[in-house]
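Student: Turn this into a structure:
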Amino acid sequence: LQPHHPPAPYHCLPVAVNFAAVTFSGKAAVAAAEVMTADTAAIDLITQQFKSWDADGDGSISKDELAFVMSKISPDMSPDDIDTLMREIDTNGDGEIDLEEFVNWIVDPASSKAMDDKGEFHNFDFKGILKPLFDLFDKDKGGTISNEEFMECHSILLNSVMMHPESSESDAVFGGDFSSIDSNGDNEIDFGEFVAWQSAILKDCGIPKHVLPEV
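Tutor: Residues are numbered from 1 along each chain as shown. Below is the predicted model of the structure:
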């Protein structure tokens, strides 16, 4: 299980939120950081949901149990959709979803569902949330982000972060560098690499993904 996280430092906000500080106000970004800090209450809520999905109480969720819950949450899901979701959550491939896999699925920005602070589940499109920001970085609209495009936008964001009273010296290195994001080494950041970058930031900081559409 994920441990209790201290309040996320300002640089831990995903770039989408950091950019909001430039476009709108630093106060909004800091407020978002405070609201989005993960805590033990969130883990307790996820654990409660796991137990409610585990109908026979054997400590794991079977595909049949998953299908039953999904019939209530997303009744339009087909058997093929259930199979896909099962593979998404059951990362060790043993045919059962254990608590650790369930927690990781809930907090993973790349997963297709999000749970809010009331324990309700919703569809989640992380790629859709990030696409406008990717387009902002991709100034020439070529479908990838060059080193020059990245450095220009990243510098604006970094300067905005460092000007904020909640920032610290450690914020000067937030978000990674171009070469670490360009995983295939072709000197361009494609959309998949951009999504992976932002996903890693969220995982490291323990920021609940369900609040991202609101900020």
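
Student: Assign residue 110 to helix, strand or coil.
Tutor: Secondary structure, DSSP: H, G, I helix; E, B strand; the rest coil: residue 110 is coil.

Student: which residues does it contact?
Tutor: Residue 110 makes contact with 126, 195, 199 under the criterion CB atoms under 8 Å, 6 or more residues apart in numbering. Where you see a C-beta, it was placed from the backbone N, CA and C, and this is true even at glycine.

Student: Just to check, the first one is in contact with residue 109?
Tutor: Yes: here residue 126 lies in contact with residue 109, judged by CB atoms under 8 Å, at a distance of 4.7 Å.

Student: where do the helices sit along this protein?
Tutor: Listed in chain order, the helices of the chain (DSSP state H) span 15-23, 26-35, 40-53, 63-73, 79-89, 99-107, 126-137, 147-163, 178-181, 191-205.

Student: Those helices into a markdown table, with extra columns for mean neighbour count?
Tutor: Conversion of the helices of the chain to a markdown table gives the following (neighbours: other CB atoms under 10 Å):
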| stretch | mean neighbour count |
| --- | --- |
| helix 15-23 | 19 |
| helix 26-35 | 16 |
| helix 40-53 | 15 |
| helix 63-73 | 15 |
| helix 79-89 | 15 |
| helix 99-107 | 19 |
| helix 126-137 | 16 |
| helix 147-163 | 16 |
| helix 178-181 | 14 |
| helix 191-205 | 18 |
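
Student: Adding mean pLDDT and distance to residue 120, write those helices out as CSV.
Tutor: Formatted as CSV, these follow (pLDDT from 0 to 100; distance: least, CB to CB, whole Å):
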stretch, mean pLDDT, distance to residue 120
helix 15-23, 44, 23
helix 26-35, 42, 17
helix 40-53, 86, 10
helix 63-73, 94, 9
helix 79-89, 94, 17
helix 99-107, 89, 12
helix 126-137, 88, 18
helix 147-163, 77, 32
helix 178-181, 90, 33
helix 191-205, 82, 20
